[in-house]
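Q: Need coordinates for the below:
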Amino acid sequence: MTRFTALLLPLLICTATAQAAELTASVDRSRLNSGETVELTLETDDVTQFGKPDLSALEALFEVRGTRQVNQLNTLNGDNRATTRWIITLLPKENGSVVIPPLQLGEAQSQPINVQVIASDNREDNNSLDPVFIEASLDQTSVYVQAQAILTLRIYHSVSLYDDSSLSPLQIADARIEQLGDTRTYEKDINGLRHGVIEMRYAIYPQHSGLLTIAPQTFSATLVDTAPSADASGPKPGKLMRVSSASIPLTVKPKPLTYPVDAPWLPARSLNLSESWSPEPDHTQVGDSLTRSLTLKVEGLASSQLPALPATDVNGLRRYPDQPVLSNQSSDRGIIGSREEREALVPSRSGAIDLPTVDVVWWNTFEDHLEHSSLPARTLQVANNPSLQIDTPAGTLQPSTPDNDTLWWWKLSTLILACTTLLGFGLWWRARWQPAIHRAAQTGPSPRTLLDDIKRASQANDPHATRQALDAWARQQPETLADMAARFVPLSDALDGLNGALYSETGQHWQGEDLWRAIRTIPAAERVQDPVSESGLPPLYPK
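A: Numbers count the residues shown, from 1 in each chain. Predicted coordinates:
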């Protein structure tokens, strides 16, 4: 049995390793022109694989220009993770939609990837004969004001360059400029000659309507001289090249007249509005904290251009907003801006609470028309919270409207109530002349003890302990906290401060002096008085 276990254990380890190993595939871009290369990256964390991926499946649709292997060892929280990457340079043989097929490495297999190869004519002008030249292009010739236009700069070189190359900074008056991703490098065949390509992309947002001119961009670099040099210790030979792109005009259109005047101007290619709740508001009680998140994701605008979403100002809900979360994501079609707004909502009453529709107006620049994106209205069903209410004594009759058949029951109950009232008055009159006696000890804490608990908790600036002591004291009062807060404004303000500390990140800075002062200054008719004096004894001569 021991020998069988020793043989089975390595087999189980190898099987688990093979199942856990993955071969992931990715490309540096999914859209390219004909004649351009794309870099395919294969990555695995299986340290038991010492071979290379099988690239034979690529030969039908691609020309493999080169392959290099990169090994990395990363340490995170004391754990070492080794990864191996193969970077493969591919030249598509066909135009249109081309699929990079799955590749095999041992038992692992990568997923297929779809790339779009756009047909383009090879350059036939004189620039194609130069060893270095530059191209500048816009994705569209006209845009709306504050909308996105994408500028692409491509530098072609058929000779080797030293690493001292530089490009003039892109500066455009009356426009915001943001670079899209990192600089890309790849290869392209032009008239049968292989060129290296350096590509940079920018998102441009014109701030005024009219004609906008993008000035020429200048690229300078030193060409590597392949001729042998007599003095090996001297400076490297080479020729300094400086090339410039052509200027590009861009027509900027004003905001359409049909756009609503009172709505923020949002020119975008697409817009998505969504919401999420934590927890889900299916079983909500008074005093519960609900977090509502509204997310606005816009293609074609940066997050700094997105307006604030409508606040949830609804009667019956206390609102505690957080700071919005802004983020940007680069894609082949520009920037995707995102704005997320979170707010804590605390129901202050039971019943149905209606949330209005959230509507965002925007202009679809792809289809050139006005659109509305909205979240439908919804209703929150809020139940009573037993921990925040005074228990109703058993047998208490609910008010109802008597009919003629049961009217005599009301007359009988009224007669019995009158008789018991007279009897009670007689007993009280008799008790006035009886000697004072000590009262029986009450089963629960006295109101004075509960007030002491509130005082200690509030003076210690502890919002959670203060809330518990406040709930225990409120159960012995003739009215709920909500009723007392409605009659006494300082108490309402102090409770708002306490709730804000409980349901937000500012709880550690809460000061309880205002709440204690409000509790002590409630009019005597609105709270139960402690029947025991400061000395703990009943009065000597009861009235």
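Q: which ones are touching the residue positioned nearest the centre of the chain?
A: Closest to where the C-alpha atoms of the chain average out (Cα atoms, centre = their mean) is residue 340, at 4.5 Å. When contacts are counted by Cβ atoms under 8 Å, 6 or more residues apart in numbering, residue 340 touches 293, 294, 295, 296, 324, 325, 326. For every residue, glycine as well, the C-beta is placed using N, CA and C.
Q: Now, of those, which are buried?
A: When those are checked for burial by 16 or more other Cβ atoms under 10 Å, the buried set is 294, 295, 296.
Q: just to revisit the earlier point, make TSV from the contacts of residue 340 and add secondary structure to it.
A: Shown next, in TSV, are those (DSSP: H, G, I helix; E, B strand; the rest coil):
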residue	secondary structure
293	strand
294	strand
295	strand
296	strand
324	coil
325	strand
326	strand
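Q: Pick the one among these closest to residue 388.
A: Nearest to residue 388, judged by Cβ to Cβ, of the contacts of residue 340 is residue 293 at 26.3 Å.
Q: That closest one and residue 276 touch, don't they?
A: Yes. With contact defined as Cβ atoms under 8 Å, residue 293 reaches residue 276; the gap is 4.7 Å.
Q: What residue in this structure is the furthest from its centre?
A: Most remote from the centre of the chain, using Cα atoms, centre = their mean: residue 433, at 74.1 Å.
Q: which helix is the longest one in this protein?
A: helix 407-431 (DSSP state H).
Q: Tell me the gap between it and the middle of its chain.
A: Chain-centre distance of helix 407-431: 66 Å, with Cα atoms, centre = their mean, to the nearest Å.
Q: and what of stretch 169-182?
A: For stretch 169-182, the distance to the chain centre is 26 Å (Cα atoms, centre = their mean).
Q: Equivalent analysis for stretch 299-307, please.
A: For stretch 299-307 - counting by Cα atoms, centre = their mean - the centre lies 14 Å from the chain centre.
Q: which residues make contact with that stretch from outside it?
A: With contact meaning Cβ under 8 Å, 6+ apart, stretch 299-307 is reached by 146-148, 176, 178, 203, 205, 264, 266-271, 296, 298, 326-328, 331, 333-339, 365.
Q: end-to-end on it?
A: Length of stretch 299-307, first residue to last, Cα to Cα, to the nearest Å: 14 Å.
Q: Check which residues of it are buried.
A: Judged by neighbour count using 16+ other Cβ under 10 Å, the buried positions of stretch 299-307 are 299, 300, 301, 302, 303, 305, 306.
Q: Kindly report the same for stretch 23-35.
A: For stretch 23-35, burial by neighbour count (16+ other Cβ under 10 Å) applies to 23, 25, 27, 28, 32, 33, 34, 35.
Q: and what of stretch 259-267?
A: Neighbour counts using 16+ other Cβ under 10 Å place 259, 265, 266, 267 of stretch 259-267 among the buried residues.
Q: on that earlier part again, now the contacts of residue 340 as CSV including distance to residue 91 and pLDDT?
A: Formatted as CSV, those follow (distance: Cβ to Cβ, whole Å; pLDDT from 0 to 100):
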residue, distance to residue 91, pLDDT
293, 45, 95
294, 46, 95
295, 40, 96
296, 41, 96
324, 45, 94
325, 42, 95
326, 40, 95
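Q: any idea which of those is the one closest to residue 58?
A: residue 295 (39.6 Å).
Q: ok, now which ones touch the closest one?
A: Applying Cβ under 8 Å, 6+ apart to residue 295 gives the contacts 272, 273, 274, 275, 276, 338, 339, 340, 341.
Q: what do you get if the cut-off is 6 Å, keeping everything else the same?
A: 274, 340 (Cβ atoms under 6 Å, 6 or more residues apart in numbering).
Q: so where do the helices sit in this structure?
A: Ranges of helices within the chain are 2-20, 407-431, 447-459, 463-474, 481-487, 489-502, 513-520, based on DSSP H.
Q: Contacts for the fifth one next, please.
A: Meaning helix 481-487. 474, 491, 492, 495, 526.
Q: Go again with 8 Å.
A: Counting by Cβ under 8 Å, 6+ apart, 348-349, 388, 470-471, 474, 477, 491-492, 495, 522, 526-527 sit against helix 481-487.
Q: To what extent is residue 426 buried, counted in neighbours?
A: Neighbour count for residue 426, taken as other Cβ atoms under 10 Å: 10.
Q: Next one: it from residue 414, what distance?
A: When distance is defined by Cβ to Cβ, to the nearest Å, residue 426 is 19 Å away from residue 414.
Q: Likewise for residue 460?
A: In this view, residue 460 and residue 414 are 52 Å apart by Cβ to Cβ.
Q: Next: residue 72.
A: Using Cβ to Cβ, residue 72 is found at 90 Å from residue 414.
Q: will you turn the contacts of residue 340 into JSON lines that also has distance to residue 445?
A: What follows is these, written out as JSON lines (distance: Cβ to Cβ, whole Å):
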{"residue": "293", "distance to residue 445": "42"}
{"residue": "294", "distance to residue 445": "45"}
{"residue": "295", "distance to residue 445": "48"}
{"residue": "296", "distance to residue 445": "52"}
{"residue": "324", "distance to residue 445": "46"}
{"residue": "325", "distance to residue 445": "46"}
{"residue": "326", "distance to residue 445": "51"}
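Q: quick one: pLDDT of the residue farthest from the centre of the chain?
A: Looking at residue 433, its pLDDT is 74.
Q: nearest to residue 253, of the contacts of residue 340?
A: Nearest to residue 253 among the contacts of residue 340 is residue 296, at 23.8 Å by Cβ to Cβ.
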